[in-house]
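Asks: mind looking at a prediction? Sequence and model below.
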Amino acid sequence: NKGGRTVIYDSSKSSINDWAVCINGWIFQGSKLDPYLCGAKGDGVSDDTIAMQRWLDLTESYEFGEAVLPEGRFLYTTALNVGGTTSIIGVGQRSILRPTACHGLNLLQSDAVGARYIKNFWIFGNDGFNHYGINCDLISPAQRVTGIQFDNIYVSWMLGIANLRGVWHSAFTKVYGINNYRGIRFYGKNVKVDVAACYIIRGNASNTGDGGNQYGVSFEHDESNIRSEDVKVSSSIIFGYTRGVNVVAILNGGIENCDIDYAKESGIHVILADGGFSIKDNWIALEENSTSLIYGIYFAAFSVPKFTNRAIKDNYIMHYGSAPFGSSAGVYIGSNQNMVSVQGNSVANFSIGVYADGANYTSIHGNSLDTKSNSVFLYYANGTSISENYANTPIFCYPFAVKNTKFGQNNGAMNTGSNGVGVIPAGQTSVTISFDYPIYVNNPSFLLPVAKIFGDNNITYNFNYSGGNATGVVFSIPSSKESITQFAYEISVYNRVS
């Protein structure tokens, strides 16, 4: 009964023919349209482009609200424009849109207030690797679509699941993407959008027109540097992308409770994030890589302070390989990304646990750092606080990295043995390092502060210990080095290390 309907005749409309609702005065009696009523074949072979667009246009113009997508394979060659009050509701994976060399759906501007749904169907691309399953590209920040619940949609063999600019107060839940080059891309101004309980799997898709940007979820500013606001990714699985979550620019939001697996370059990659932004309770795993730098969580260096007062908390971050390349790090915090709290994370199989590269006033607290080279690596990072961490490798400090830096209550091999803390002076002839509490080390034949020095052998190192004598303290000062001549560097150690 495809296309079956009840109609009545109205002679006053005998000159009207829209090929579906009113045909020469014969008027469809119903409140919902499906593509068959508008002339679609739905056989996956016939070109249903005209019938499919008619289906959506008439649903919008007659204010039916809900466009029904029944079982069928609807092939078309031009993206379907979806009006601002229209919902599309299918019957599950048997409702299949087959966009051919075009976007699947194109969302049009709407100022309508109220919820609408796009749900329960499959977008299966046909030569779709330069196009998105769902596209919304509203250029002006004043243009928007609002209140859309994207739910239980399957997208495969497209460039990406969605490309969005101008989506407000909306949510993606249980959206499944597999064999797409990209996942969900937010571009320009999108406000208060949630991505929750989605499955975004890279699969075997290939593409020739995207420039290699393989991201599971991405937040990017547009050509006018306008960015998304209050966008959150949670409880989602993101698998096999170069970057699991890519943040070029965002104001407020977070990434929480996600499984980001087999990322190739970085699990979460952030360049610019202002306002409240947190990364917590995620599982992040990098595929085995021994030939290039990889990062679990990466905050890129920026010319002015942008990422401040933020939390990286309770994440499990690992690398599947046993020989990470160079200074690959579980958490990397770049220049001017200040006042970041790194707390309660577990890092395994990276060269470095936490790498603070010019980031000031970083708090590194309560982490488990099972790394190959250094638990913490500080480079021009002032005011760092490192406490209550468990680690199997030492802290390493480059010049100026020890100013106002504090260590306390760290366990394991951190701060112990011959590789406890390293300092590389930058042209100084005299360096002072002071301690405020007894230091316990595993190997008494080494002085802890200078266990790993790669500077000028002629530099005089002055050691100042203010804690007095204590049993078990390994600390000796040759008489020739008792003079304190410079206070450029200071490390204050507040608690014993066992």
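Replies: Arrived safely, thanks for sending.

Asks: apart from its chain neighbours, what residue comes closest to Ile148?
Replies: Once flanking residues are discounted, Ile148 sits nearest to Ser170: 4.3 Å by CB to CB, 6 or more residues apart in numbering. Glycine gets a C-beta too; all of them are placed from N, C-alpha and C.

Asks: look at the one you found and report its pLDDT.
Replies: Looking at Ser170, its pLDDT is 94.

Asks: list the beta-bridge partners for it.
Replies: Residues in a beta bridge with Ser170, per DSSP bridges, are Val193.

Asks: what separation do you get for it and Ser327?
Replies: Computed as CB to CB, to the nearest Å, the Ser170 to Ser327 distance reads 40 Å.

Asks: ok so, going back, need the contact list for the residue nearest to Ile148.
Replies: Counting by CB atoms under 8 Å, 6 or more residues apart in numbering, Ser170 makes contact with Val145, Thr146, Gly147, Ile148, Gln149, Phe150, Lys192, Val193, Asp194.

Asks: closest to Arg73 out of the residues you listed?
Replies: Proximity of these to Arg73 (CB to CB) peaks at Phe150, which lies at 21.1 Å.

Asks: so in terms of bridging, what pairs with the closest one?
Replies: Ile118, Phe172.

Asks: tally of neighbours for it?
Replies: Per other CB atoms under 10 Å, the neighbour tally for Phe150 reads 23.

Asks: I figured it hits Gly177, correct?
Replies: No: between Phe150 and Gly177 there is no contact under CB atoms under 8 Å: 11.4 Å.

Asks: list the contacts of Gly104.
Replies: With CB under 8 Å, 6+ apart, Gly104 has these contacts: 79-80, 97, 123, 125, 128, 131-135, 155, 158.

Asks: tell me the one among those residues nearest to Leu369.
Replies: Proximity of those to Leu369 (CB to CB) peaks at Val155, which lies at 38.4 Å.

Asks: verify the assumption that that closest one is located in a helix.
Replies: No: if the criterion is DSSP: H, G, I helix; E, B strand; the rest coil, then Val155 is strand and not within a helix.

Asks: for it, give its distance to Gly326.
Replies: 37 Å.

Asks: so for the two, which residue has more residues nearby?
Replies: Val155 (28 against 13).

Asks: what's across from the more buried one in the sheet?
Replies: Ile123, Gly177.

Asks: before we move on, back to that, for Ile118, see how far away the residue nearest to Ile148 is.
Replies: 10 Å.

Asks: so what's in contact with the two at the same time?
Replies: Contacts common to Ser170 and Ile118, judged by CB under 8 Å, 6+ apart, are Ile148, Gln149, Phe150.

Asks: and the end-to-end length of stretch 275-295?
Replies: Using CA to CA, to the nearest Å, the end-to-end distance of stretch 275-295 comes to 23 Å.

Asks: buried residues, it. List them.
Replies: Residues 277-286, 289, 293-295 are the ones in stretch 275-295 that count as buried (16 or more other CB atoms under 10 Å).

Asks: tell me where the stretch 51-200 of the chain has strands.
Replies: 66-69, 72-76, 80-82, 87-90, 95-99, 105-107, 116-137, 145-146, 148-165, 167-173, 176-178, 184-187, 191-196, 199-201 (DSSP state E, counting those that start in this stretch).

Asks: how about those, which one is nearest Asp357?
Replies: Of all the strands of the stretch 51-200 of the chain, strand 184-187 comes closest under CB to CB, at 27.2 Å.

Asks: rounded mean pLDDT for the closest one, please.
Replies: The model assigns strand 184-187 a mean pLDDT of 93.

Asks: tell me which strands and helices it is in contact with?
Replies: strand 148-165, strand 215-220 (3 or more CB pairs under 8 Å, 6 or more residues apart in numbering; DSSP states H and E).

Asks: most neighbours per residue, which of these?
Replies: strand 215-220 (a mean of 27; mean count of other CB atoms under 10 Å).

Asks: name the helices or strands packed onto that one?
Replies: strand 184-187, strand 228-234, strand 237-239, strand 243-247.

Asks: flag every buried residue along stretch 216-232.
Replies: 216-222, 226-232.

Asks: now for the residues you listed, which pair is the farthest apart?
Replies: Maximum distance among the buried residues of stretch 216-232 (CB to CB): 22.5 Å, for Gly216 and Ile226.

Asks: returning to what we had before: tell me the least confident of the buried residues of stretch 275-295?
Replies: Out of the buried residues of stretch 275-295, that is Phe277, at 82.

Asks: how about the contacts made by that one?
Replies: Here Phe277 is in contact with Ile250, Asn252, Gly253, Gly254, Phe307, Arg310 (CB under 8 Å, 6+ apart).

Asks: beta-bridge partners for the third one, please?
Replies: Going back to what we said before, that points to Gly253. Val231, Phe277.

Asks: spit out the contact partners of it.
Replies: Gly253 neighbours (CB under 8 Å, 6+ apart): Phe219, Ser228, Glu229, Asp230, Val231, Lys232, Val233, Ala273, Gly276, Phe277.

Asks: quick one: the helices in this protein, in order.
Replies: 49-61 (DSSP state H).

Asks: where does it have its least confident helix or strand?
Replies: strand 491-493 (a mean of 31; mean pLDDT, DSSP states H and E).

Asks: about what we covered before: between the contacts of Gly253, which is closest to Tyr379?
Replies: Closest to Tyr379, out of all of the contacts of Gly253 and judged by CB to CB, is Ala273, at 21.4 Å.

Asks: got a pLDDT number for the closest one?
Replies: Note on Ala273: pLDDT of 69.

Asks: now Lys403
Replies: Confidence for Lys403, expressed as pLDDT, is 55.

Asks: just the one 3 residues further on next, same as before
Replies: pLDDT, the model's per-residue confidence, is 63 for Lys406.

Asks: how about the contacts made by Leu97?
Replies: Leu69, Phe74, Tyr76, Leu80, Gly104, Leu105, Phe121, Trp122, Ile123, Phe124.

Asks: one more: Ser228?
Replies: Counting by CB under 8 Å, 6+ apart, Ser228 makes contact with Phe186, Gly188, Lys189, Asn190, Val191, Val193, Phe219, Ala249, Ile250, Leu251, Gly253.

Asks: quick one: which of these is most hemmed in?
Replies: Ranking these using other CB under 10 Å puts Phe219 first, with 28 neighbours.

Asks: beta partners of it?
Replies: Phe186, Val247.
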